[in-house]
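Asks: need a 3D model of the following:
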Amino acid sequence: QVQLQESGPGLVKPSQTLSLTCTVSGGSITTNYYYWSWIRQPPGKGLEWLGYIAYSDSTYYSPSLKSRTSISRDTSKNQFTLQLSSVTPEDTAVYYCARWYFPYMDYWGKGTLVTVSS
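Replies: All right, here's what the predicted structure looks like:
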């Protein structure tokens, strides 16, 4: 059974960089054809996909956030990390990591709330 767990600070100050890590168990992030994604949901709003890092280590980001988003991985720890720079209160959201096996996101973490506030 694949499990994903988000971790990171729950409070980030404006203009700083938000950094979250997703730890994957029950499967390798380098296994062919899996794409490891970050998604968020601001309070009272819908889900927003941020980007992914592929089994091949390639990355792709949402065009609307591309300039501020970076996703990397540590294969030795079976983890992948989201960094979102220059955050504002509008980046306050529950952040999820998920496995994307096209066309489905079949495994999700429970999510972690990140609040951007001074």
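
Asks: and stretch 96-109, what's buried?
Replies: 96, 97, 98, 99, 100, 105, 107, 108, 109 (16 or more other CB atoms under 10 Å). Where you see a C-beta, it was placed from the backbone N, CA and C, and this is true even at glycine.

Asks: center of this protein - which residue?
Replies: residue 38 (2.8 Å; CA atoms, centre = their mean).

Asks: and the pLDDT at residue 42?
Replies: If you check residue 42, the pLDDT there is 97.

Asks: tell me if residue 83 really is in a strand.
Replies: Yes - counting by DSSP: H, G, I helix; E, B strand; the rest coil, one finds residue 83 located in a strand.

Asks: before we move on, the earlier item: check the buried residues of stretch 96-109 and tell me the two furthest apart.
Replies: Spatial extent of the buried residues of stretch 96-109 (CB to CB) is set by the pair 100 and 109 at 12.9 Å.

Asks: just to revisit the earlier point, how about the buried residues of stretch 96-109 in TSV, adding distance to residue 28?
Replies: Formatted as TSV, these follow (distance: CB to CB, whole Å):
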residue	distance to residue 28
96	20
97	15
98	16
99	11
100	15
105	18
107	13
108	18
109	17
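
Asks: for the protein, what spans make up the strands?
Replies: Secondary structure of the chain by DSSP state E: the strands cover 3-7, 11-12, 18-25, 35-41, 48-54, 59-61, 69-74, 79-84, 93-101, 104-108, 112-116.

Asks: for the first one, name the packing helices and strands.
Replies: Right, strand 3-7. strand 18-25, strand 93-101, strand 104-108 (3 or more CB pairs under 8 Å, 6 or more residues apart in numbering; DSSP states H and E).

Asks: if we go to 7 Å?
Replies: When contacts are defined as 3 or more CB pairs under 7 Å, 6 or more residues apart in numbering; DSSP states H and E, strand 3-7 sits against strand 18-25, strand 93-101.
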